[in-house]
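>>> Any chance you could fold what I've pasted below:
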Amino acid sequence: MLAWTLQNEIPVPADVNQLLVEGEQAVASFKTFRDSATFTTKRLIVRDAQGITGKKVEIYSLPYSSINMWSTENAGGMLDRDAEVELWTRAGHIKVKLTKGADVRRIDSLLAWAVLNH
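The predicted model follows:
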């Protein structure tokens, strides 16, 4: 099972644009532990810098069409630090933890928009 942690929303990193296909646009990005996750009009792109220097980068690309179901969970409080999103996909189960700076409802809305419109 894959596991990612999203932190606060950030401006879309400039280098994400080189990963996009014709007609695809970046919609929102979130800081991850070492890099970023970007919702586009077609997929979720997660960049994961690795190693001590961070020069090695692994890129995950999850097309919205492969997401079968998702769930969001939080305690419902303003200072909730234990929110998470779970995605059931053709590739398997993905758990996304959210830190205090990531709005679980914003991410839920992005997923609903992306999955239900594609």
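
>>> average pLDDT across stretch 82-102?
Averaging the model's pLDDT scores along stretch 82-102 yields 90.

>>> Tell me the spacing between the residue nearest the centre of the chain and residue 6.
Among the residues of the chain, the one closest to the centroid is residue 37, at 4.5 Å (C-alpha atoms, centre = their mean). Distance check for residue 37 against residue 6: by C-beta to C-beta, to the nearest Å, it reads 6 Å. In short, each C-beta sits where N, CA and C put it, glycine included.

>>> Find residues that contact each of those two.
With contacts defined as C-beta atoms under 8 Å, 6 or more residues apart in numbering, the residues adjacent to both residue 37 and residue 6 are residue 30.

>>> Residue 118 against residue 42, yeah?
Yes: taking contacts as C-beta atoms under 8 Å, residue 118 lies within contact range of residue 42: 7.3 Å.

>>> And these two? Which one has more around it.
Each of residue 118 and residue 42 had its neighbours counted (other C-beta atoms under 10 Å), and the higher figure belongs to residue 42 (18 against 12).

>>> Show the pLDDT at that one.
With respect to pLDDT, residue 42 scores 96.

>>> Next, please give the residue ranges for the helices of this structure.
104-116 (DSSP state H).

>>> for it, which spans come out with low pLDDT?
Filtered on pLDDT under 70, the chain yields the residue ranges 1, 51-54, 76-81.

>>> give me phi/psi at the nearest residue to residue 47 once chain neighbours are set aside?
Nearest residue to residue 47 in three dimensions, chain neighbours excluded: residue 35, at 4.2 Å (C-beta to C-beta, 6 or more residues apart in numbering). Summarising the backbone geometry of residue 35 under the convention degrees, to the nearest 10, its torsions are phi -160, psi -130.

>>> which residues touch residue 8?
If you count contacts by C-beta under 8 Å, 6+ apart, residue 8 has them with 30-31, 99, 101-102.

>>> Neighbour-wise, give me the winner out of the residues you listed.
Across those, neighbour numbers were computed from other C-beta under 10 Å; residue 30 holds the maximum, 25 neighbours.
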